[in-house]
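Engineer: what's the 3D shape of this:
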Amino acid sequence: MPILQTPCDEGTILAGQAASPCAKTAEPWVLAATILGSSMAFIDGTAVNVALPALQADLGATVSQVQWVVEAYALFLSALLLVGGSLGDRFGRRRMFLTGVAGFALASAWCGLAPGTGQLIAARAVQGIAAALMVPGSLALLSASFSKEKRGRAIGTWSGFGAITAAVGPLLGGWLIDNASWRWVFFLNLPLALAVVAISLRYVPESRDPAAASTKLDVGGALRATVALGGITFGLIESSHLGWENPFVLGALALGVTALVGFLAGEARSKAPMMPLSLFRSRAFAGANLLTFWLYAGLGGAMFFLPFNLIQVQGYSATQAGAALLPFIVLMFLLSRWSGGLVDRYGARRPLVIGPAIAATGFVLLAVPGLGGSYWTTFFPAVLVLGFGMAISVAPLTTTVMGAVEESRAGIASGINNAISRSAGLLAVAGMGLLLLGLFSRGLERRLDGLPPQVRQALEAQKTKLVAIEVPASVGEGERTRVRAAIDEAFLDGFRGVMLTAAVLALLASLSAWRMIDADKLVPDPKRRASP
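Structural biologist: Below is the predicted model:
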């Protein structure tokens, strides 16, 4: 007999079994644990971007080092997300979920204590690995613990709280940065993790899929995906200061492309692939995922660089920068149910053509503001239009992905779409960073004409820091003002290039929907529709 008898000591729920009394009693606790666990990832994902300018200044980081703070996390989460879900099915969903939560908390503490960028990047990589277990584990636990009749409402509640925490994240993170330190953005995860572990061990039943034990884990596919994304990302980011001719850059790109080809070939041959390529025979599924790649590449790149503009160029506090993005998230939350109904009224194709096109307009509007001006007349209209475009797109996109495949494969289809969206953001931050740095360098060089050669040389040697460039002490007060203005305007050159590139990517997403998604052939099942 156990020393401490808990409500969930009855045993493990297996796939296909009816929910036990333990599971029914545990339903509110499962919902609480998964909401809190997911909140760690949601808050971290939105708050860290706001923290980047502060940690760059504190650690003296270059733009490539700041990119790696985000990319190290995104790389491992993107590459291992599908494998993380499979591990839960095989070894126990609660076990893998808790492993992810504990790993995420320990890595968060490491992030908060990191003395330099090297350790911070390493800690973020560990966070990404842990999140690959935690994120799919949340939905898997909900699906296993709730009956079919209650599952939709549970997932809807989970999604609603996810939207709320995504909205609170930038505000809370900004407040912590302004009043304490950027390090507290990471320490915030620790009490949440303790609560999740306590609830899960006491109340959440274990569950697994017996059939998963007979299938082989696609470890090779996960390794090839990691090498592919890592090699390409490394080549793009490091080329900014090493140069395209550098053997490390060329080798990384070659390795990444080779691994990508190997990944696709391996998935085509594998009897149990983590990404079944047969799903892409559906024109609607392929079109929806192509749309996802273009749209989330634009969004990921834009949202990475927007806080640098708001905080370092426009002079916003971290709290104000977090609040600046609030209309985007609130609008998506308020309109998600309405936009989900658009598929029933108009089919999938029309909202998926119109939504990304509106988002493209939002990206263009973000490129318009210069130095100064009121938020309400500069960035607010752009954030509002972008949020409206994304709100029209997200729920119909989810419905299209789920409706394009058989119900039995809806889970893997959703996982693939999630992994593609994260991979798109990963590659976009690397590629757009290269674009921004190139435009910034040219703009800065042009604006520094007339300065003494030694001053120009000192400034250009720091160009990889972007707006965080330190003006030499030898520069007089009058010239210092001119130099700071030149740096800010040069950054805006690069920022506008990034926003216009994001707009082009969003238009490619719209074109993908127009050419590949046939509304007459897609018959969505309203029961499978999920909120973003």
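
Engineer: hey, let's count contacts and neighbours off CA atoms from now on
Structural biologist: Noted.

Engineer: show me where this protein has strands.
Structural biologist: Assigned by DSSP state E, the chain shows strands spanning 13-14, 207-208.

Engineer: Which strands border the last one, and is each parallel or antiparallel?
Structural biologist: Pointing back at strand 207-208 there. When pairing is defined by DSSP bridges, strand 207-208 lines up against strand 13-14 (parallel).

Engineer: returning to what we had before: tell me, which of the strands of the chain is the model least confident about?
Structural biologist: When these are compared on average pLDDT, strand 13-14 comes out lowest at a mean of 50.

Engineer: Give me the below-cutoff pLDDT ranges for the stretch 201-350 of the chain.
Structural biologist: Low-confidence segments of the stretch 201-350 of the chain (pLDDT under 70): 212-213.

Engineer: Repeat that for the chain.
Structural biologist: 1-24, 152, 212-213, 407-408, 519-532.

Engineer: if I look at the residue nearest the centre of it, how far off is A74?
Structural biologist: Centroid-nearest residue in the chain, with CA atoms, centre = their mean: R422, separated by 5.2 Å. Computed as CA to CA, to the nearest Å, the R422 to A74 distance reads 7 Å.

Engineer: One more: S200?
Structural biologist: S200 sits 26 Å away from A74, going by CA to CA.

Engineer: Looking at those two, which is more packed in?
Structural biologist: Legend: neighbour count by other CA atoms under 10 Å for S200 and A74, higher for A74 (27 against 23).

Engineer: That one reaches I420, doesn't it?
Structural biologist: No: between A74 and I420 there is no contact, the gap being 11.3 Å when judged by CA atoms under 8 Å.

Engineer: Now L260. Nearest residue, chain neighbours left out?
Structural biologist: With CA to CA, 6 or more residues apart in numbering as the measure, A228 is the residue that lies nearest to L260, at 4.9 Å, once sequence neighbours are left out.

Engineer: can you tell me which residues contact that neighbour?
Structural biologist: Taking CA atoms under 8 Å, 6 or more residues apart in numbering as the definition of contact, the neighbours of A228 are 255-260, 263.

Engineer: tell me which of the residues you listed is nearest to L217?
Structural biologist: Proximity of those to L217 (CA to CA) peaks at F263, which lies at 14.5 Å.

Engineer: mind listing what the closest one touches?
Structural biologist: Contact partners of F263, counting by CA under 8 Å, 6+ apart, are 221, 224-225, 228.

Engineer: that older thread, confirm for me that the residue nearest to the centre of the chain is in contact with L80.
Structural biologist: No: R422 lies out of contact with L80 (CA under 8 Å); the separation is 11.1 Å.

Engineer: Let me see the contact set for the closest residue to R422 other than its chain neighbours.
Structural biologist: Spatial nearest neighbour of R422, excluding adjacent residues (CA to CA, 6+ apart): S78 at 5.5 Å. When contacts are counted by CA under 8 Å, 6+ apart, S78 is found next to 132, 419-420, 422-423.

Engineer: Now intersect the residues you listed with the helices, please.
Structural biologist: In this view, those that belong to helices under DSSP state H are 132, 419-420, 422-423.

Engineer: Dump the residues you listed to CSV, plus distance to F293.
Structural biologist: What follows is the ones in helices among the contacts of S78, written out as CSV (distance: CA to CA, whole Å):
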residue, distance to F293
A132, 19
A419, 10
I420, 6
R422, 9
S423, 8
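
Engineer: Which residue ranges of the stretch 151-300 of the chain form helices?
Structural biologist: Secondary structure of the stretch 151-300 of the chain (DSSP state H, counting those that start in this stretch): helices at 184-187, 189-203, 219-242, 247-269, 283-308.

Engineer: Please name the residues that touch the residue nearest to P136 when sequence neighbours are not counted.
Structural biologist: Using CA to CA, 6+ apart and skipping the chain neighbours, the partner closest in space to P136 is G85 (5.3 Å). The neighbours of G85, taking CA under 8 Å, 6+ apart as the test, are 132-133, 136-137, 140.
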